[in-house]
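Colleague: have a look at this prediction, sequence included:
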Amino acid sequence: VFNSTEHYALIPAQRLLSDVQPGLLESHLSPLRGRIDQILQSRHMGGGEVDRRIRILGMAARRMDPANFQSVAGALLRRKRLEVIYHSRSRDQVTTRLVSPQRLIHYRDNWYLDVWDHTKRALRSFSVDRIRKAVELDKAAHEISDKNLDSHFTSAYGIFAGKPKHKAILKFCAESSRWVSEEIWHPKQTSCFEDGCYVLTVPYSDSRELVMDILKHGPG
């Protein structure tokens with residue numbers, strides 16, 4: 001039995017499930033969406049109103065092969081190794097890699113797979129849409145602790161992994177400060193106000209994503 005607050009919490013969950021990229025885990029998600037619809041209708045919150053009245057807008061999502069996503073997700077949850085054929089966007093190279101999947105990350109409307117790369121003997125992050133083929137192997141995945149995964153993948157800025165090597169100190173004009181001061185750019189950011197301007201300090205290892213976020217504010 002759900003209370004009123006929990007019923008309202010189901011509304012964004014229902015929309016998120018509906019907006020998962022077409023074909024990804026569709027057979028598994030459809031019964032769950034149907035059950036949530038029934039619950040909402042029983043509280044007079046259904047009848048198609050959720051679909052009509054609530055929208056979740058994606059941006060710059062890249063197309064991927066649903067079969068590859070299902071292979072990746074299956075091996076991840078069954079804790080099995082994968083052999084993947086991967087096309088690196090930055091190097092324009094295709095390589096075959098033996099990996100132990102650790103986590104699937106949905107970030108800025110795209111999916112990424114954090115892995116232990118047995119070929120490179122290091123932690124890596126693969127963009128799932130760049131995986132050309134994924135084959136589950138009958139061998140247990142190599143386990144990396146949550147602490148080490150967090151240290152490697154979440155300490156730097158954005159999707160780029162690795163220990164932070166630099167600090168960016170950003171000073172925003174008074175007008176932009178009103179908006180930026182309410183945003184979280186990084187879990188370990190520090191900030192202060194100087195003469196009406198917002199000063200934000202964030203750690204990073206790779207500047208590419210950080211620069212894109214800065215450019216959104218133009219002359220501010």
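Modeller: Yep, it's here.

Colleague: from Glu143, how far out is the residue in the chain sticking out farthest from the centre?
Modeller: Relative to the mean C-alpha coordinate of the chain, counting by CA atoms, centre = their mean, the farthest residue is Asp195 (36.0 Å). As judged by CB to CB, to the nearest Å, Asp195 and Glu143 stand 51 Å apart. No exception for glycine: its C-beta is placed from N, CA and C like everyone else's.

Colleague: likewise for Ile85?
Modeller: 24 Å.

Colleague: out of the two, which sits in the more crowded spot?
Modeller: Ile85 (15 against 10; other CB atoms under 10 Å).

Colleague: one step back: give me the pLDDT value at the residue farthest from the centre of the chain.
Modeller: In the predicted model, Asp195 carries a pLDDT score of 92.

Colleague: look up how far Tyr204 lies from it.
Modeller: Taken as CB to CB, the span from Asp195 to Tyr204 is 25 Å.

Colleague: can you check Pro187 too?
Modeller: Taking CB to CB as the measure, Pro187 falls 13 Å from Tyr204.

Colleague: same question, Arg124
Modeller: 18 Å.

Colleague: the two: who's more crowded?
Modeller: Neighbours were counted for Arg124 and for Tyr204 using other CB under 10 Å; Tyr204 has more, 22 against 18.

Colleague: so what's the closest residue in space to that one that isn't next to it in sequence up against?
Modeller: Closest residue to Tyr204 apart from its sequence neighbours, by CB to CB, 6 or more residues apart in numbering: Tyr157 at 3.6 Å. Counting by CB atoms under 8 Å, 6 or more residues apart in numbering, Tyr157 touches Pro164, Ala168, Trp185, His186, Val202, Pro203, Tyr204, Ser205, Asp206, Glu209, Leu210.
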